[in-house]
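A.B. asks: Based on what follows, work out the 3D shape:
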Amino acid sequence: MNEISIIGLDLAKNVFQIHGAGPDGRVALRKKLNRGRLLEFFAKLPTCVVAMEACASAHYWGREIGKLGHEIKLVNPSYVKPFFLLCGAPHNRKGAASLMALVRDGGLDPFSGALFVFRSKRADRIRIVWWDGTGICLYAKILEENGFCWPAQSATRIRLDHAQLMALLAGMDWKRIRPAQVRRPLSTG
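C.D. replies: Numbers count the residues shown, from 1 in each chain. Here you go, the predicted structure:
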């Protein structure tokens, strides 16, 4: 395993996504772990910064991982960027700037930092476009077999969470991924 200086931990009900980067910012680790193996993984890992969205279970996991010597950083949810599927917008030959114009025309802020996902008519290609603060970024993926799961054309845009986006990119049915229903706390402490 390469040297890891920071880990982004996406908390979930059962399967956790782990993304590690080295001191130079390059990806050093991508891993999925179930709940039972998470602490075992961090116990074997040299100490580093672990960042996670401040959500319902973040304080628990932060305490447990912190006990293993890691530095915990909770990220305000307002800084965690959403992902949107934009439906019914063909994009086969459109470049990044044209896709951003479609985002704007759809009533969304193309410079919010959110990721906007478009699918081809044949469902074998997707493009993701976003603003990273310095320029427009474009990601493309082609599936060799089958197609990307997509909602009915009656919807114009759908917000996805991280786990749903990862399922979409893997060619899986992201609609089967459901976030845990957690009551909003009435107070702290």
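
A.B. asks: and the worst-scoring helix or strand of the chain on mean pLDDT, what does it pack onto?
C.D. replies: Least confident helix or strand, the chain: strand 83-86 with a mean of 70, by mean pLDDT, DSSP states H and E. Contacts defined by 3 or more CB pairs under 8 Å, 6 or more residues apart in numbering; DSSP states H and E place strand 83-86 against strand 115-119, strand 157-160, helix 162-169. Just so you know, the C-beta spots here come from the backbone N, C-alpha and C atoms, and that holds for glycine as well.

A.B. asks: Make CSV from the ones you listed and add distance to residue 40, mean neighbour count and mean pLDDT to it.
C.D. replies: Shown next, in CSV, are those (distance: least, CB to CB, whole Å; neighbours: other CB atoms under 10 Å; pLDDT from 0 to 100):
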stretch, distance to residue 40, mean neighbour count, mean pLDDT
strand 115-119, 31, 22, 84
strand 157-160, 30, 16, 72
helix 162-169, 21, 20, 76
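
A.B. asks: Ok, which of those comes nearest residue 41?
C.D. replies: Ranking the helices and strands packed on strand 83-86 by proximity to residue 41 (CB to CB) places helix 162-169 first, at 18.0 Å.

A.B. asks: ok and that closest one relative to strand 115-119, angle-wise?
C.D. replies: Calculated by axes from the mean of the first three to the mean of the last three CA atoms, to 10 degrees, helix 162-169 forms an angle of 30 degrees with strand 115-119.
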